[in-house]
Every structure is written in C-alpha cells, then in structure tokens.
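Asks: below is the sequence, then the predicted model.
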Amino acid sequence: MAAFEKLVRQYDRQVFRIANHIVQNREDAEDVVQDAFLKAYEKLDQFQGNSKFYTWLVRIAVNESLMRLRKRRTGKMVSIDEDVATDEGSMPRDLADWSPDPEALYGQSEMADILRRTIQGLPPGFRVVFVLRDVEGLSTEETAETLGLSIPAVKSRLLRARLQLRERLSRYFKRRNGQAQGGVK
Amino acid sequence: MTCTEFLAQLDEMLDQDAAIPLRADLQEHLKNCEHCEITLNTTRKTIQIYRSHEIYELPDDLRERLHKAILAKCRKC
C-alpha cells in the first residue's frame, strides 16, 4: 500500500489536470481521480511492464473521464471522435505575430483564465490529443496507444488543435494589444 | 514547397531534435514566407504557454482529501 500511495502522490496532479480538461467540471474531475486510482489499484496485477505505468494510468483516467462526460450528458454518446470532422489541415487565417510577448500583458491568473476558456472551445477529440501530447509530454506513439487512435490520426488532430488554439489566442492577444497601444478614446 | 506542405511538417519543425529529411527545404520556405514563419513561432509559443501555466491546480487541502478517499477505498477492496 505504501508503494501505491507513492504512485498516487507522484501522478495525482497530472490525472486531475487531464480529467479537468476532458470533463470540464471540477467535481467530476475529483471523482475521476478517485475512480482512476482505484481502478489502477484493482488492476495492478494486469499492468504489464512493457508500457510505462504513467501511460497505463492515463489510459484509465481518459476512459473514466469520457464515461463521466457521457453520464452528465445523459446518454448522449461521447467519444474522442466527436466533432472532429472539420476542415482538414486548413491554412491559418490570422497573420498577426505576437509582439510584445503576450505573457507580459497578463497576470498569472488572467492568463490561466484565458487558456482555460480557449481550450474549452475545442472539440474533446482535439483537446485530449493536445493535452496528452503537448501539455503532458506523451510521445505521438504513446498518445495513439492511450487513445486507441492511429499515429496519422493523432498527428492530424494535433495539428488542427494547435492551429485552432493559436488562432483563438491570437484574437485575445490582439484585442489586449490594441488596448495597450491605443487605449480607449 | 507550398504552405500546405510546410504545415504538414509543422510537428517535426517544432521538435528541434527530429531528423527531417526536408529540413533544408523547410528552412528555405520559411525564409520567403512570413505567413509560415509567424504560424511556426506562434504555435511554438502556444504550446509553451500551455505547458508553463497550471490551469487546473490541485489545492493542497483537496489533494489530501482525495488521497484519504482513494486509500480508504483501496483498503476495502
């Protein structure tokens, strides 16, 4: 039990973050953390050393999160394939560079709020790929294995998620930059 | 190289360590395409901002409460 407690302490923040990103509701995310670790504990004997414990745990947490999201939407199917049939690899429209550095324009909590609102607007199938790959640092192969997707599917979703996020963030930054430079007359 | 071809390699371009057979072509395209240069820079920045900000913080009191609940459930099973 002591060894498992150590694993909980090591990975709880990541599981909480991933769950929040998917379910977008703090109470549900708390339940996901509990259920995911409990399930991991129950299935520890099924854990095979050929994949890392963390990616195995993430797979459990993602599945628990999707189930929770489905429950909340009372029966409406939720999968990581949802809402992803949009324009394939479309060219970015916004040409504005981010200067000055946007991080200099916002305080920590304001920036966190913008980042939260921005990523919440992505379809779950894009959001989860971006979070696992770019925030949690899983490899493309690990992300594909965790989500049961092909490597080309992960790459395609990741590209579209990144481009959509940067375009949405651009709109925020441009607005703030305009205010900083021109002010309101 | 077109902008669409460049975009298809964006993931590899963002990974500095990746060995890209077309790296010279991609760099050449970047030199002459402000649009792709901005896309590359702002996408890199997007990832960096998301990585460096904790947007779903787990407060200590909640963390302790979750630990207790998890371990209590595990002991019962």
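Replies: Noted; the coordinates are in hand. What you are looking at is a predicted structure, and each value in this text was computed from that prediction instead of being measured.
Asks: just the closest residue of chain B to chain A, please.
Replies: residue B:56 (3.9 Å; Cβ to the nearest Cβ). (Each C-beta comes from the backbone N, C-alpha and C, glycine too.)
Asks: out of all of them, which helix in the chain is the longest?
Replies: Going with chain A. As assigned by DSSP state H, the longest helix anywhere in chain A is helix A:151-182.
Asks: think we crossed wires, I meant chain B
Replies: Longest helix in chain B, counting by DSSP H: helix B:34-52.
Asks: buried residues in it?
Replies: By neighbour count on 16 or more other Cβ atoms under 10 Å in any protein chain shown, the buried set for helix B:34-52 is B:36, B:38-40, B:42-47, B:49-50.
Asks: again with stretch A:131-150
Replies: Buried residues in stretch A:131-150, counted by 16+ other Cβ under 10 Å: A:131-136, A:138, A:140, A:142-147, A:149.
Asks: can you tell me what sits against it?
Replies: With Cβ atoms under 8 Å, 6 or more residues apart in numbering or on different chains as the test, stretch A:131-150 has contacts from A:14, A:17-18, A:21-22, A:51-52, A:55, A:58-59, A:62, A:80, A:119, A:128-129, A:151, A:153-155, A:157-158, A:162, B:11, B:47, B:50-51.
Asks: buried among the residues you listed? Need that as a selection in ChimeraX.
Replies: Filtering those down to the buried ones (16+ other Cβ under 10 Å) takes a single ChimeraX command:
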select /A:14,17,18,21,22,55,58,59,62,80,119,128,129,153,154,155,157,158,162 /B:11,47,50
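Asks: and chain B, which residues reach chain A?
Replies: Counting by Cβ under 8 Å from any Cβ of the partner chain, chain B comes close to chain A at B:3-4, B:7-8, B:10-11, B:34-35, B:38-39, B:41-43, B:45-47, B:49-51, B:53-56, B:58, B:62-63, B:66-67, B:69-71, B:73-75, B:77.
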